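Undergrad: Next input, structure requested:
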Amino acid sequence: RYHDRVLKGLRGLDLTRVLAGPFGTMLLADLGADVVKVEDPDGGDPTRVIGGGPASPYFVAVNRNKRSIAIDLKKKDGQALLARLAARADVLWHNFRPGAAKKLGCDLEVFRAANPRLVTCAITSFGATGPYRDLPAFDLVIQAMSGAMSATGEPGGPPCRHGIPTGDLAGGLFAAVGTLAALHERA
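TA: This next block holds a predicted model:
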């Protein structure tokens, strides 16, 4: 099958958790990229235990085709290991709140200086600038703030959550498309 090797040779680091980021990096892995999911050694991605763990169906569904490593980014040796991995990577994704990446030693500017070809993707709830940049969010908040919930439900009734996490899935999909565009530009 051609589609599962189109990104063969591409190395990715996935520091994301829950859904939007893991879904986007899953798409890259499904296309043949070698994606390494980096998790906190204290429990890893929180979705590991949804519906039972440590390999819940939720976790497995969006982390297929990836390898995994536990790295404590709060420790200097963990930060040094991540820097070595980033030096050999093509893509690095995270979904930390603005400022949190730098605090954990995941300073994208430093990684890019060491590896100028590194494509980075930061999925945040409200972007890196603006009045809401420091606020956390999840799919339901994005559905509500975007107005998407107002178009769902019974006529005349209250806004209703979508049956699937459209905000997270769309965020991951658009981030994957943006990453592919950046890789094309780099080439």
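Undergrad: How many neighbouring residues does Thr166 have?
TA: By the criterion of other Cβ atoms under 10 Å, Thr166 has 17 neighbours. Every residue, glycine included, has its C-beta placed from N, CA and C.
Undergrad: can you check Ser125 too?
TA: Ser125 has 20 neighbouring residues, counting by other Cβ under 10 Å.
Undergrad: Skipping adjacent residues, who's closest to it in space?
TA: Leaving aside its chain neighbours, Ser125 sits nearest to Ala137 (3.5 Å; criterion: Cβ to Cβ, 6 or more residues apart in numbering).
Undergrad: ok, now which ones touch the one you found?
TA: By Cβ atoms under 8 Å, 6 or more residues apart in numbering, the residues touching Ala137 are 125-126, 145.
Undergrad: need those residues in a markdown table with pLDDT, distance to Val110 and secondary structure, can you?
TA: Shown next, in a markdown table, are the contacts of Ala137 (pLDDT from 0 to 100; distance: Cβ to Cβ, whole Å; DSSP: H, G, I helix; E, B strand; the rest coil):
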| residue | pLDDT | distance to Val110 | secondary structure |
| --- | --- | --- | --- |
| Ser125 | 87 | 24 | coil |
| Phe126 | 88 | 24 | coil |
| Met145 | 90 | 33 | helix |
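Undergrad: follow-up on the earlier one: pLDDT wise, what is the residue nearest to Ser125 at?
TA: pLDDT, Ala137: 85.
Undergrad: Make sure it is indeed in a helix.
TA: No - read with DSSP: H, G, I helix; E, B strand; the rest coil, Ala137 is coil and lies in no helix.
Undergrad: Next, find the distance separating it from Ala83.
TA: Distance of Ala137 to Ala83, computed by Cβ to Cβ, to the nearest Å: 29 Å.
Undergrad: What separation is there between the residue nearest to Ser125 and Thr124?
TA: 9 Å.
Undergrad: Apart from its chain neighbours, what residue comes closest to the residue nearest to the spatial centre of the chain?
TA: Geometric centre of the chain, nearest residue: Gly21, 2.1 Å, by Cα atoms, centre = their mean. Ranked by Cβ to Cβ, 6+ apart and with sequence neighbours excluded, the top spatial neighbour of Gly21 is Asn95, at 4.4 Å.
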